[in-house]
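A.B. asks: A structural model of the following input is requested.
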Amino acid sequence: MRFTVRRAAWLLAVTALVVLAFRVAPVGQAPDYARAHYTKYEYEIPMRDGKKLFTSVYVPKDTSQPYPILLSRTPYSVAPYGADNYKPSLGPSDLFMYDGYIFVYQDVRGRLMSEGDFVDMRPYKPTKAGPMDVDETTDTYDTIDWLVKYVANNNGKVGLYGISYPGFYTAIGMIDAHPALKAASPQAPITDWFIGDDFHHNGALYLPHAFGFFSGFGWPRPKPTTQGGARFDYGTLDGYQFYQKLGPLSRVNDRYFHGQVQFWNDLMAHEANDAFWQARNLRPHLKNIKPAVMTVGGWFDAEDLFGALEVYKNTERQSPGAYNTLVMGPWPHGGWSRSDGDALGDVRFGSKTGEFYREKIEFPFFSYFLKGKGDPKLPEAYVFETGRNQWHALDAWPPKDATRRSLYLQPGGRLSFEPSAETTAGYDEYVSDPAKPVPYTMTVASGMTREHMLDDQRFASRRPDVLTYQTDELTGDVTLAGPIWPSLQVSTSGTDSDFVVKVIDVYPADYPDPPPTGAAGAAAAGGYSRMGGYQQMVRGEVFRGKFRNSFEKPEPFQPNTMAKIEYVMPDVFHTFRRGHRIMIQVQSSWFPLVNLNPQKFVTIPQATEADFQKATERIYRGGKNGSRVDLNVIR
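C.D. replies: Residues are numbered from 1 along each chain as shown. Just a heads-up that it's a prediction; the model follows:
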């Protein structure tokens with residue numbers, strides 16, 4: 001077993017939705033470029049209901065030409081505060097700072113130094129009764145209206161951008177947009193906190209992500225302040241141990257939050273996809289979008305991969321004729337903005353994909369729509385294919401030539417594109433024990449790691465409570481492009497269970513290690529390939545069984561009775577190379593990434609320790625309705 005300590009866990013939990021990038025100036029540029037070339041102003045911009053939002057504005061000192069405005073609205077602070085205190089870098093990347101823009105950062109309503117009450121993912125109001133009826137679209141509109149009127153030397157064009165929570169403010173801000181808003185780039189935007197973004201996946205709670213984030217972000221702010229939430233002290237780096245000792249969800253308030261973290265209370269009060277969550281589903285409202293849109297996401301984003309794909313898809317469907325392009329690269333959350341993007345964990349991508357994106361995609365997009373310079377000639381979808389590690393400019397996503405094919409679970413752990421020869425249903429089974437749940441990673445971390453999205457799964461294959469199926473060695477490349485659809489026939493001896501499906505790329509035994517770094521790396525290699533037989537997760541997703549027929553109306557399983565579980569996993573663009581194998585894993589815990597299911601039909605936030613029980617899970621194969629996983633395959 002391999003144990004490492006990654007201290008990035010808290011950054012991916014407490015500040016998991018924040019992207020903080022210190023970008024180094026090019027050779028010859030001083031690190032205080034912003035101070036030398038921009039003047040900083042601080043304003044309290046009035047909204048239509050009288051509340052004022054704190055806003056920092058950086059204006060070029062060169063007044064020989066007008067400049068467009070780049071706006072980022074955030075719940076995470078526009079720090080540093082004070083007109084004499086400067087950010088070390090401005091804009092989506094340093095390219096923008098050197099080219100010249102007016103940069104605007106705003107604390108959203110109710111956060112840090114802005115007035116008003118903060119509401120997490122404040123619902124959109126299609127109809128406003130009057131000036132007191134506000135939402136994030138009105139705040140964005142009023143901010144832009146004030147900026148183009150009162151900030152000197154602007155050219156009347158505004159761009160809006162942001163990653164994660166600021167990506168949500170970008171996506172909602174392009175609805176009912178101000179005429180001056182010409183371009184918007186929602187990046188890893190939150191769209192639906194019940195189905196697929198951040199804290200829930202198909203009704204299952206992503207425990208360390210939700211707990212870690214709201215333990216810092218969620219506390220009340222009685223009055224404007226420049227100080228954000230404090231870091232939570234877990235007392236250990238071992239998240240598996242921490243959450244095992246925590247036990248049922250009800251203990252979070254008993255031990256730590258004491259009822260003071262409002263959104264945690266909301267999470268606990270709304271187990272199903274009720275009106276609370278439906279009001280926060282942004283997807284139905286992406287209609288009649290006027291600004292040019294470039295949605296950006298990462299194939300290995302543990303937080304808001306779903307949101308990026310859904311903003312693109314729903315804008316495309318509901319705003320015909322809109323300029324709407326999708327960019328997807330091999331990145332973790334926000335990785336395109338702050339890293340070279342040439343590797344994640346053990347996996348290498350062959351080039352500096354982050355640098356390529358910033359220089360060849362993002363910068364030209366805003367330059368064209370805000371300054372009228374050049375033409376980025378962006379395709380409908382600019383997407384990176386992992387496995388073969390290359391960019392593609394496509395005229396549709398998913399690609400038009402992709403066809404749906406089924407991989408069938410077979411006896412003996414085999415997997416095939418041909419149906420099983422079994423005429424009657426057989427099954428494989430395992431015992432799922434909440435006292436000994438399957439870990440989601442071998443890394444020792446207090447929170448959700450970035451790397452688990454493509455981590456080696458050999459540790460899971462060796463557990464008796466994980467079913468593993470794999471193909472023979474592939475005789476040719478197999479490319480997946482689009483969503484993945486598990487269709488499982490299951491039964492449980494309990495009355496509720498989770499089912500996790502993972503699609504895995506099994507490397508051949510002679511797969512080469514990347515070049516070692518230094519003498520220690522060379523010695524550690526020892527002539528053997530650590531990557532030989534590597535089981536890279538390409539996509540994994542959980543489904544909470546009680547929601548198999550409706551996310552709104554959960555229902556129990558009938559013990560030991562066959563039932564169908566079908567759901568959609570987020571898109572992939574990956575090629576399994578010749579000589580590799582495709583593997584499917586099925587399990588019923590993924591701890592502590594997903595909170596434990598008691599395996600008894602109860603309201604889980606109210607479950608007691610006595611409710612948790614072992615369950616025998618069966619996955620049926622063969623016969624008329626054997627379990628399978630459907631894939632979008634390019635021939």
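A.B. asks: got the end-to-end distance for stretch 244-252?
C.D. replies: 12 Å (CA to CA, to the nearest Å).
A.B. asks: now do the buried residues in it.
C.D. replies: Gln244, Leu246, Gly247, Pro248, Leu249, Val252 (16 or more other CB atoms under 10 Å). Backbone N, C-alpha and C define where each C-beta goes, glycine included.
A.B. asks: ok, now stretch 459-470?
C.D. replies: Phe459, Ala460, Ser461, Asp465, Val466, Leu467, Thr468, Tyr469, Gln470.
A.B. asks: per-residue pLDDT, the nearest residue to Trp391 once chain neighbours are set aside?
C.D. replies: Leaving out its chain neighbours, the residue that sits closest to Trp391 by CB to CB, 6 or more residues apart in numbering is Phe384, at 5.4 Å. At Phe384, the pLDDT value in this model is 98.
A.B. asks: and for Phe384, the neighbour number?
C.D. replies: Using other CB atoms under 10 Å, Phe384 has 25 other residues around it.
A.B. asks: contacting residues around it?
C.D. replies: By CB atoms under 8 Å, 6 or more residues apart in numbering, the contact list for Phe384 reads Trp299, Met328, Gly329, Pro330, Phe349, Thr353, Gln390, Trp391, His392, Phe573.
A.B. asks: ok, now with 6 Å
C.D. replies: Contact analysis of Phe384 by CB atoms under 6 Å, 6 or more residues apart in numbering lists Gly329, Pro330, Thr353, Trp391.
A.B. asks: widest-spaced pair of these?
C.D. replies: Using CB to CB, the contacts of Phe384 span at most 10.2 Å, a distance reached by Pro330 and Trp391.
A.B. asks: out of the two, which sits in the busier spot?
C.D. replies: Pro330 (28 against 16).
A.B. asks: just want the phi and psi numbers for the nearest residue to Pro592 once chain neighbours are set aside.
C.D. replies: Ranked by CB to CB, 6+ apart and with sequence neighbours excluded, the top spatial neighbour of Pro592 is Tyr243, at 3.8 Å. The phi and psi torsions at Tyr243 (degrees, to the nearest 10) take the values phi -80, psi -30.
A.B. asks: neighbours around Tyr243, how many?
C.D. replies: Neighbour number of Tyr243 under other CB under 10 Å is 20.
A.B. asks: not counting its neighbours along the chain, what's nearest Ser588?
C.D. replies: Among residues not flanking Ser588 along the chain, Ser432 sits closest, at 3.9 Å (CB to CB, 6+ apart).
A.B. asks: same check, this time on Ala435
C.D. replies: Phe612 (7.6 Å).
A.B. asks: and for Lys371?
C.D. replies: Distances taken as CB to CB, 6+ apart place Pro68 nearest to Lys371, at 6.0 Å, with adjacent residues excluded.
A.B. asks: circling back: what's the separation between the residue nearest to Trp391 and Lys52?
C.D. replies: 42 Å (CB to CB, to the nearest Å).
A.B. asks: cool, Val594 as well?
C.D. replies: 41 Å.
A.B. asks: Thr608 now?
C.D. replies: Counting by CB to CB - Thr608 and Lys52 are separated by 47 Å.
A.B. asks: who has more neighbours out of these two?
C.D. replies: Each of Thr608 and Lys52 has its neighbours counted (other CB under 10 Å); Lys52 has more, 16 against 11.
A.B. asks: hmm, the more buried one is touching Tyr43, no?
C.D. replies: No - in this structure, Lys52 is not within contact of Tyr43 by CB atoms under 6 Å, at 8.7 Å.
A.B. asks: Arg348 bridge partners, please.
C.D. replies: Counting by DSSP bridges, Arg348 is bridged to Ala343.
A.B. asks: with that, I have no additional questions.
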